[in-house]
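# The following comprises the amino acid sequence and a computationally predicted model.
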Amino acid sequence: MEIIGNGFLGTSLQPLVDSHDGATLFVSGVSSAGETAELAFAREGEYLHETLQQCRQHGSLLVYFSTTTVSMHAFETSDDRAGREDGPVYPAGLYGRHKLSMEAVITTSGADYLILRLATPVGPLQRAHQFLPSIVRQVQLGDVQVFHGARRDLVYVDDVMTIVDGLLRAGVRREIVNVASGVAVPVEDIITYLE
């Protein structure tokens, strides 16, 4: 397996590197839902196009990490499929629209793929700017700022690794799969727990 990316997810998924020959995990690119720099989106797009070309040439499976956060499922609907893989997506911001466009590029590329819409991953090796380390630091300083009504669906990175391994062992291909608990908890509850 080849892992493209050396951030939190890329580093955390390293134990899989000797498994699943012919798979390429793309965990490089825009990882912050607050990103607004067009250059960052363009850089991921170019790198993804290069990786897709290599996957097509070598017959590799591309595993792409997208998002299942509010960035992708922004609006409540009466549709009981909202927030599900087979349901509608309504990306409200640049990040969600970017990830959805990358999914479209992948699904029409001709390469074999597995798209994982990932909730907010947490675990060791996270960088200081990421959600949980940032909240922990704010709690320690005694001054926490959150958006009223903010919610997060947290998924432990070891569980992400187990799920990726299981999906690849099961031969899942040409699918979009949510990797999430399905329960977004109020950020205030997370803060109370940390306190």
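Now that the structure is in, tell me what you want to look at.
# show me the contacts for the residue lying farthest from the centre of the chain.
Relative to the centre of the chain, and counting by Cα atoms, centre = their mean, the farthest-placed residue is residue 142 at 29.6 Å. Contact analysis of residue 142 by Cβ atoms under 8 Å, 6 or more residues apart in numbering lists nothing. Yep, even glycine has a C-beta here, placed from its N, CA and C like the rest.
# for it, phi and psi?
Per-residue torsions, residue 142: phi 80, psi 20 (degrees, to the nearest 10).
# what about the helices in this structure?
Per DSSP state H, the chain carries helices over the ranges 8-12, 38-58, 94-107, 131-141, 157-169, 187-194.
# Which one of those helices lies nearest to residue 113?
helix 94-107 (4.9 Å; Cβ to Cβ).
# Quick check: end-to-end length of stretch 18-38?
35 Å (Cα to Cα, to the nearest Å).
# what about it, distance to the chain center?
Relative to the mean C-alpha coordinate of its chain, stretch 18-38 is positioned 8 Å out (Cα atoms, centre = their mean, to the nearest Å).
# Just give the strands next to the lowest-mean-pLDDT helix or strand in the chain in its sheet, each with its orientation.
In the chain, no helix or strand scores lower on mean pLDDT, DSSP states H and E than strand 151-152, which sits at a mean of 86. In the sheet, strand 151-152 lines up against strand 185-186 (antiparallel) (DSSP bridges).
# pLDDT averaged over the partner strand, what's the number?
Average pLDDT, strand 185-186: 88.
# now stretch 107-116
97.
# isn't residue 28 right next to residue 4, touching?
Yes. With contact defined as Cβ atoms under 8 Å, residue 28 reaches residue 4; the gap is 4.9 Å.
# and for those two, which residues touch both?
Taking Cβ under 8 Å, 6+ apart as the criterion, residue 28 and residue 4 both touch 10, 47.
# thinking again about what came up before, save the helices of the chain as TSV, and put in distance to residue 114 too.
Below are those laid out as TSV (distance: least, Cβ to Cβ, whole Å):
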stretch	distance to residue 114
helix 8-12	15
helix 38-58	11
helix 94-107	9
helix 131-141	24
helix 157-169	6
helix 187-194	29
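# List just the one of the ones you listed that sits closest to residue 64.
Nearest to residue 64 among the helices of the chain is helix 94-107; the distance by Cβ to Cβ comes to 5.6 Å.
# buried set for the closest one?
94-96, 98-100, 102-103, 106 (16 or more other Cβ atoms under 10 Å).
# Then stretch 156-170?
Across stretch 156-170, burial judged by 16+ other Cβ under 10 Å covers 157, 160-161, 163-164, 167-168.
# Show me what it is in contact with.
8-9, 12-13, 15-16, 19-20, 23, 25, 61, 63, 114, 116, 118, 121-125, 177, 179.
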